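Trainee: Just the structure for this:
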Amino acid sequence: MAFEMFRRRAVTSGTLAAASLLLVGATPQFAAADGTRTINSYVTCADGTMMYGFEINYGSGWTYTALGASGYVVNSYEKEVTFVVPSSASSVALDTYCGGNGYVENSMWEGYTYSLTPGTSTATANWTCALYPYYGPLIRTCELDSISYS
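Mentor: Numbers count the residues shown, from 1 in each chain. Alright, predicted model coming up:
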C-alpha cells in the first residue's frame, strides 16, 4: 500500500514536471523591444497652400501622434513634420489637408503607401500633397517624392 502511494506520487510529480516543461517551452518568449527610427518629412502642398494637420500610417493603422510626432513651418509653403516610428516599420503613408482652410468636408484620402526600409537610421522624406476636385468627394493625396537614409 505504501509502495502504491509512493508510485502514484512519483507519477503525479513526473506528470506535473513534464507539463511545466511543456508550458515553458510553448509559451512565447518576449522579443526584445523594437527600436525606433526618426522620419524627417518635408511636406508641400501642390497648390502652394500650407498643410493642415496630418496622419501617418506605418503599417499599424492611421495615427496622429506617431510616437511623438511634431511639426513646424519651414517657410510660407513648406512644413517639416518629424515622426518617430518603430524600426521594424516597412511601409509609410501620409495624409494631410491642403487648400488653406484646414479640414475639408467631404474629402477622402486616396493617397499611396510606400515601402520603408526597416532600420534605425534617420530617414528624410519629401512629400507633395494635393486636394483634387473630382465629381463627388474631393480627393486628398500625398506622394512621396524622395526618401533617403542616413
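
Trainee: export the longest strand along the chain as CSV, just CAs?
Mentor: Counting by DSSP state E, the longest strand found in the chain is strand 138-149. Extracted C-alpha coordinates of strand 138-149, given in CSV (Å, rounded to 0.1, in the frame of the first residue of the first chain):
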residue,chain,number,x,y,z
LEU,A,138,-12.7,65.8,-53.0
ILE,A,139,-9.6,63.5,-53.1
ARG,A,140,-6.6,64.0,-50.8
THR,A,141,-3.3,62.6,-51.8
CYS,A,142,0.3,62.7,-50.6
GLU,A,143,3.0,61.5,-52.9
LEU,A,144,6.5,60.6,-51.7
ASP,A,145,8.9,62.5,-54.0
SER,A,146,12.1,61.1,-52.4
ILE,A,147,13.4,59.3,-49.3
SER,A,148,16.9,58.9,-48.1
TYR,A,149,18.5,57.2,-45.1
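
Trainee: OK, contacts around the spatially most central residue of the chain?
Mentor: Geometric centre of the chain, nearest residue: residue 58, 2.8 Å, by Cα atoms, centre = their mean. Counting by Cβ atoms under 8 Å, 6 or more residues apart in numbering, residue 58 touches 66, 83, 85-86, 89, 91-93, 116. To be clear about C-beta, it is placed using only N, CA and C from the backbone, and glycine gets the same treatment.
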